[in-house]
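# Kindly generate the corresponding structure for this input.
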Amino acid sequence: MVESTARLRQVRITPQKARRVVDLIRGKQAAEALAILKFSPQAAATPVYKLVASAMANAKVKADAESTYLDEQDLFIEKAYVDEGTTLKRFQPRAQGRAFRINKRTSHITVVLSTPAADAAAPATQKKGNR
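Modelled structure (predicted):
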């Protein structure tokens, strides 16, 4: 089982908008996720597309280092989440000498790709002991 991670930090997209895009691809096959992101109209789709492509390249390098065969069609998105980054605080002048605060939010996006485990096909059953 090959597992690879890619992180994008301090991207200037609000976490709420980035989560909308990440929710589209969570649990999907990596190649299918790239196709979805390529045609998504949201602005957050471009950095997430690059992030998934980077995670696929990381998986390929990791598989080569471990001398294992990796088919890119086997990769799927195991985890994908968006955390809130630092907020840039800016001020805009308003009427009568007041100031209006503008929050420019940033995001940390993480994508984890993996191949299905060989033992995942056979579900593990556990017997509960008598009490």
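# Go through the longest strand seen in the chain and flag the buried ones.
Assignment by DSSP state E gives strand 76-93 as the longest strand of the chain. Of the residues in strand 76-93, those buried by neighbour count under the rule 16 or more other C-beta atoms under 10 Å are 76-78, 80, 82, 85. No exception for glycine: its C-beta is placed from N, CA and C like everyone else's.
# Which two of these have the greatest separation?
The largest separation in the buried residues of strand 76-93, counting by C-beta to C-beta, is between F76 and G85 at 26.4 Å.
# coming back round to it: what distance separates the longest strand of the chain from the centre of its chain?
12 Å (C-alpha atoms, centre = their mean, to the nearest Å).
# So which residues make contact with that strand?
Applying C-beta atoms under 8 Å, 6 or more residues apart in numbering, the set of residues contacting strand 76-93 from outside is 3, 9-11, 15, 18-19, 22, 25-30, 33, 52, 99-116.
# could you dump whichever helix or strand comes after that strand to CSV, C-alpha only?
Counting by DSSP states H and E, the element after strand 76-93 in chain order, helix or strand, is strand 99-114. Extracted as CSV, the C-alpha positions of strand 99-114 are listed here (Å, rounded to 0.1, in the frame of the first residue of the first chain):
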residue,chain,number,x,y,z
ALA,A,99,-12.4,52.4,9.8
PHE,A,100,-13.9,49.1,8.5
ARG,A,101,-11.8,46.0,9.0
ILE,A,102,-11.4,43.6,6.1
ASN,A,103,-10.3,40.0,6.8
LYS,A,104,-8.3,38.4,4.1
ARG,A,105,-8.4,34.7,5.0
THR,A,106,-5.9,32.0,4.0
SER,A,107,-6.1,28.2,3.9
HIS,A,108,-3.9,25.2,4.4
ILE,A,109,-5.1,22.4,2.1
THR,A,110,-4.0,18.7,2.6
VAL,A,111,-4.5,15.8,0.3
VAL,A,112,-3.6,12.2,1.1
LEU,A,113,-3.6,9.6,-1.7
SER,A,114,-3.3,5.9,-1.2
